[in-house]
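[1] I would like to see how this sequence folds:
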Amino acid sequence: MTILPSVLLITVLLLPLPRPIHAFLHPRTVSPPAICLHSTAKDVPYEIAPLTPSILPSVAAFMIESFWLNSPQSSQTPTSLSPDAKSQLESLQKDDLEDTYGERLGKRLLPSLLLTATDDTNNDDGVLRGMVGISTTLRDKNSQQLLKSSDADKTLRDALSSIGPKQRRLFKNATPAEMIEGGLLATSGVEYEVAVVLSNLAVSPSARRTGLGMALCRAAETVAREDWGFGRLYL
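    As a prediction, the model looks like this:
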């Protein structure tokens with residue numbers, strides 16, 4: 001079982017958003033109405049909305065270009081990689097994003113959501129400018145360690161498969177928190193709680209210092225607070 005090592009806890013700030021966006025964001029929603037969030041520095045309008053699955057390859061390419069190759073901490077540059085190496089990275093990134101945020105044939109026990117920000121100025125209709133992910137996982141309350149989402153999902157599924165059909169029906173429509181409260185993981189020997197993790201925050205170099213990163217984080221906070229009922233985010 002893989003555990004995420006360095007965990008930084010931040011308390012959700014109940015700050016007013018430039019415009020309310022609750023009620024339109026919902027886990028696994030494909031194409032909800034978008035909301036225009038205006039940054040404070042340059043008054044550039046961005047539309048922040050949940051990921052549309054059809055643009056996942058473009059989002060993966062954006063992540064490689066804006067985060068891995070154009071981050072101030074990165075030693076790589078867009079011209080330092082061969083086209084084949086860059087294509088391989090984009091493919092790996094797409095698989096990772098799809099595993100965490102993509103649609104599944106079966107029900108996803110732990111909700112997740114990827115928010116994307118597009119720019120509608122300068123005739124750049126729908127150009128991707130930023131992204132941020134938010135997902136739920138299990139947290140060991142004693143060691144304060146977070147499980148990888150895939151390991152947390154497996155932990156819950158293994159526990160469900162280990163009980164009888166009658167007991168399993170009791171958890172049919174339960175949330176992960178309700179499963180834990182109902183004693184599903186009581187025999188694991190670990191005291192778990194459900195936690196929300198913010199990750200994959202990336203902003204295009206051309207949109208940095210415009211307030212977009214803050215707008216994306218506030219949108220993620222709103223999902224955690226208004227839709228999922230959590231008061232804290234982990235990084």
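[2] quick one: residues contacting Ser150.
    With contacts defined as Cβ atoms under 8 Å, 6 or more residues apart in numbering, Ser150 is in contact with Asp99. Just so you know, the C-beta spots here come from the backbone N, C-alpha and C atoms, and that holds for glycine as well.
[3] mind checking how far it is from Glu226?
    Separation of Ser150 from Glu226 (Cβ to Cβ, to the nearest Å): 26 Å.
[4] hey, which helix is longest across the protein?
    helix 83-101 (DSSP state H).
[5] which is the next helix or strand following that one?
    strand 112-119 (DSSP states H and E).
[6] who does the helix or strand immediately after that next one in the chain pair up with?
    On the C-terminal side of strand 112-119, the closest following helix or strand by DSSP H and E is strand 127-140. Under the criterion DSSP bridges, strand 127-140 sits next to strand 112-119 (antiparallel), strand 145-147 (antiparallel), strand 192-203 (antiparallel) in its sheet.
[7] low-scoring pLDDT stretches of this protein, where are they?
    Applying pLDDT under 70 to the chain flags residues 1-44, 71-80, 105, 120-125.
[8] the residue lying farthest from the centre of it sits in which helix or strand?
    Most distant residue from the mean C-alpha position of the chain: Lys166, 33.5 Å away (Cα atoms, centre = their mean). Lys166 belongs to helix 165-170 when assigned by DSSP H and E.
[9] for Ser150, same thing?
    Judged by DSSP H and E, Ser150 forms part of helix 149-161.
[10] got the buried residues for that helix?
    Ser149, Asp151, Ala152, Asp153, Thr155, Leu156, Ala159, Leu160 (16 or more other Cβ atoms under 10 Å).
[11] out of the residues you listed, who's nearest Glu178?
    Nearest to Glu178, judged by Cβ to Cβ, of those is Leu156 at 11.4 Å.
[12] who touches the closest residue in space to the closest one that isn't next to it in sequence in this structure?
    Leaving aside its sequence neighbours, Leu156 sits nearest to Leu109 (Cβ to Cβ, 6 or more residues apart in numbering; 5.0 Å). Contacts were defined as Cβ under 8 Å, 6+ apart; by that measure Leu109 touches Asp153, Leu156, Arg157, Pro176.
[13] dihedrals phi and psi, Leu109?
    phi -70, psi -40 (degrees, to the nearest 10).
[14] from Leu56, how far off is it?
    Taking Cβ to Cβ, one finds Leu109 at 21 Å from Leu56.
[15] what is the subsequent helix or strand relative to the helix holding Lys166?
    Downstream of helix 165-170 (by DSSP H and E), the next one is helix 176-181.
[16] tell me what that following helix is packed against?
    Packed against helix 176-181, as judged by 3 or more Cβ pairs under 8 Å, 6 or more residues apart in numbering; DSSP states H and E, are the following elements: helix 149-161, strand 192-203.
[17] may I have it exported as PDB, CA atoms only?
    What follows is helix 176-181, C-alpha atoms only, in PDB (Å, rounded to 0.1, in the frame of the first residue of the first chain):
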ATOM      1  CA  PRO A 176     -17.200   6.800   2.400                       C
ATOM      2  CA  ALA A 177     -17.700   8.700   5.700                       C
ATOM      3  CA  GLU A 178     -20.900   6.800   6.400                       C
ATOM      4  CA  MET A 179     -19.200   3.600   5.600                       C
ATOM      5  CA  ILE A 180     -16.500   4.300   8.200                       C
ATOM      6  CA  GLU A 181     -19.000   5.500  10.700                       C
END
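[18] if you count neighbours, what's buried in it?
    For helix 176-181, using 16+ other Cβ under 10 Å, the buried residues are Pro176, Met179, Ile180.
[19] what about the closest residue to the last one other than its chain neighbours, distance to Phe230?
    When the adjacent residues along the chain are set aside, Ile180 lies closest to Tyr192, with 5.8 Å between them (Cβ to Cβ, 6+ apart). Counting by Cβ to Cβ, the gap from Tyr192 to Phe230 is 15 Å.
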